[in-house]
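Undergrad: how would this look folded up:
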Amino acid sequence: MTSNVDYSLPIKLNDENSFVDWGAVESPIGEKISQTSGFLISKNKTQESGYWQCTEGSWKCHVTNTEFCHFLEGECTYLSDTGQVIEVIPGTVAVFPKDWKGTCSIKKKIKKYYCIIFD
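TA: Predicted structure coming up:
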């Protein structure tokens, strides 16, 4: 996740040149493979924060560290392996605990700010 963008300047979320292509999701389900991009805001030994966006599709996900998310745009459903459902629409705030496992199904491109706590 490296970038040549100067983050001391304001970032325009409608400027795709501000984003780094982070590639396809790791464990896609089905033929439509979601693509991710974003940028780091800050990272140190205890946390990472940034902006992330992802195209439509479904995949198995495993959250390896506690993650706080504020969803700005899009629609998706997170279904935990224990059966908990999180429906995401613009304005949703969610916290995924360390070792959360489940599936994510994006119906409309997701855009979010995130903060990962390295625990």
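
Undergrad: How about P90: what's its closest non-neighbour residue?
TA: E73 (5.4 Å; CB to CB, 6 or more residues apart in numbering). Every residue, glycine included, has its C-beta placed from N, CA and C.

Undergrad: who's in contact with the one you found?
TA: E73 makes contacts with 90, 108-111, as judged by CB atoms under 8 Å, 6 or more residues apart in numbering.

Undergrad: can you tell me which of these are in strands?
TA: Using DSSP state E, the members of these that fall within strands are 108-111.

Undergrad: and the residues you listed, which are buried?
TA: Buried members of these, counted by 16 or more other CB atoms under 10 Å: 110-111.

Undergrad: from the ones in strands among the contacts of E73, which is closest to V85?
TA: When the ones in strands among the contacts of E73 are ranked by distance to V85 (CB to CB), I110 comes first, at 16.0 Å.

Undergrad: distance of the closest one from T55?
TA: I110 is 8 Å from T55, where distance means CB to CB, to the nearest Å.

Undergrad: Go through the ones in strands among the contacts of E73 and name the one nearest K60.
TA: Distance to K60, by CB to CB, is smallest for I110 among these, at 16.3 Å.

Undergrad: Which one of the ones in strands among the contacts of E73 is nearest to G38?
TA: Among the ones in strands among the contacts of E73, and counting by CB to CB, the member closest to G38 is K111, at 8.9 Å.

Undergrad: How about the contacts made by the closest one?
TA: K111 sits next to 13, 51-53, 71-74 when contact means CB under 8 Å, 6+ apart.

Undergrad: Pass me the low-pLDDT residue ranges in this structure, would you?
TA: 1-17 (pLDDT under 70).

Undergrad: Geometrically speaking, which residue is the centre of it?
TA: Most central in the chain under CA atoms, centre = their mean is W52, positioned 4.7 Å from the mean C-alpha point.
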